[in-house]
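Asks: Based on what follows, work out the 3D shape:
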Amino acid sequence: MADVSVTWLGHGSFRIDSPGGKRIYLDPWLEGNPTCPKSELEPERCDIVAVTHGHFDHVDAVAKIAERFEPPIVAIHELAQWLGNQGVPGGADNGMGMGGTQEIDGISFTLTRSVHSSSTPDGAYAGDAAGFVIGFENGTKLYASGDTDVFGDMELIRRLHAPETAILSIGDHYTMGPAGAEVALELLGVRKCIPAHWGTFPLLTGTSAALRELAPDVEVFELKPGQAVTV
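Replies: You can find the predicted model right below:
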C-alpha cells in the first residue's frame, strides 16, 4: 500500500492524501493565507476535514469546502456544534471529546490535548484546543499537534499511540518555538517532523532550519508551501 502524502499549504494548513486514496484537509486556511500557493486555493476534492481549534486561521475554509464536497468534519464537540449552527453542512455530525477516537473511511482520528486557546471568529466558545493522532489504512500514525506549547503529556501520546511522524507548531509567539519543539520531539519519540505555523508573518520567528539544528537525530522536513513529503 502507498505511503501517506502530506502537503504543506502554508501556516498551519495541510492537505493529506492517505494510502487508500482519501484526501484530508487539516486546519484549512486557504484564501487570505499569504503563504498558501495559488494552485491550492481551490480544492479539487475532499473526503474528510479535521480541525484542531476555532481560530480563523484554522477554520476559515471549512465552510467553503463543506459546501462543495460535504465531507465529514472532525473536531471537538463544541466547535462541531458551532459549525453546525453556522449552517456548515455536516458540521455538527462528527464532534468528539478529548481522548476519544472515531474511524471514518478506514482512517482513525484520536483527539489529544493542546496547550492553547480556542474561540471562533465571532468570539463564541469553541471547546478546548486540541491535536490529533491520525491512523491510516497502512498502519502509519501521524501526530498533528495543532497550535500548542510543549507539555509533559506528549509522553503519554508516545505511550498510547506511538506516532512515527509529528506535525509540530514551531513559529513561537503564539505557539512553542524550535526549542520547545525539540523537547516535544524527545517526549514523542518520533524520528520525522513536519514543522507548522511558521513563516507566515514576521512575528513568527521560529524556522525549520533552527529546529533541524536543535534536533540533528530527527528528520526535520524543510518544506516550502505547496511542497509534499511522504511519511
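
Asks: for this structure, what spans make up the strands?
Replies: In the chain, the strands defined using DSSP state E lie at 5-8, 14-17, 23-26, 48-50, 73-76, 95-96, 101-104, 107-113, 130-135, 141-144, 165-169, 192-196, 219-220, 228-230.

Asks: mind listing what's buried in the last one?
Replies: Yep, that's strand 228-230 we're talking about. Across strand 228-230, burial judged by 16 or more other C-beta atoms under 10 Å covers Val229. Using the backbone N, CA and C atoms, a C-beta is placed for each residue, glycine as well.

Asks: let's have the chain start at 18 instead
Replies: Fine by me, first position is 18 from now on; the one you just mentioned is strand 245-247.

Asks: hmm, who's touching that strand?
Replies: With contacts defined as C-beta atoms under 8 Å, 6 or more residues apart in numbering, strand 245-247 is touched by Asp20, Val21, Ser22, Val23, Thr24, Trp25, Ile211, Phe238, Leu240.

Asks: Most neighbours among those residues, which one?
Replies: Using other C-beta atoms under 10 Å as the neighbour criterion, Trp25 leads these with 26 neighbours.

Asks: quick one on the thing from earlier: now the strands of the chain as TSV including mean pLDDT and distance to Cys53?
Replies: Listed next are those as TSV, based on pLDDT from 0 to 100; distance: least, C-beta to C-beta, whole Å:
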stretch	mean pLDDT	distance to Cys53
strand 22-25	98	10
strand 31-34	98	10
strand 40-43	98	12
strand 65-67	98	16
strand 90-93	98	20
strand 112-113	98	27
strand 118-121	98	25
strand 124-130	98	23
strand 147-152	98	21
strand 158-161	98	18
strand 182-186	98	16
strand 209-213	98	13
strand 236-237	98	22
strand 245-247	97	14
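
Asks: just the ones you listed: most buried one?
Replies: strand 182-186 (a mean of 29; mean count of other C-beta atoms under 10 Å).

Asks: Tell me which strands that one pairs with, and in which orientation.
Replies: strand 158-161 (parallel), strand 209-213 (parallel) (DSSP bridges).

Asks: Dump those strands to TSV, plus distance to Val66.
Replies: TSV is the format used below for the strands paired with strand 182-186 (distance: least, C-beta to C-beta, whole Å):
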stretch	distance to Val66
strand 158-161	13
strand 209-213	17
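
Asks: do you know which of the ones you listed lies nearest Gln103?
Replies: strand 158-161 (23.3 Å; C-beta to C-beta).

Asks: what's that closest one in contact with?
Replies: Against strand 158-161 from outside (C-beta under 8 Å, 6+ apart): 21, 23, 31, 33, 43, 67, 69, 129, 148-153, 174, 178-184, 205, 207, 213, 248.

Asks: distance between that strand and the chain's centre?
Replies: 9 Å (C-alpha atoms, centre = their mean, to the nearest Å).

Asks: and what of stretch 189-196?
Replies: Relative to the mean C-alpha coordinate of its chain, stretch 189-196 is positioned 16 Å out (C-alpha atoms, centre = their mean).

Asks: could you pull out the helices for this protein?
Replies: Using DSSP state H, the helices of the chain run over residues 73-76, 79-86, 94-102, 171-178, 195-205, 225-231.

Asks: Low-confidence regions, this protein specifically.
Replies: Low-confidence segments of the chain (pLDDT under 70): 18.

Asks: Apply 80 and report the result again.
Replies: Applying pLDDT under 80 to the chain picks out residues 18-19.
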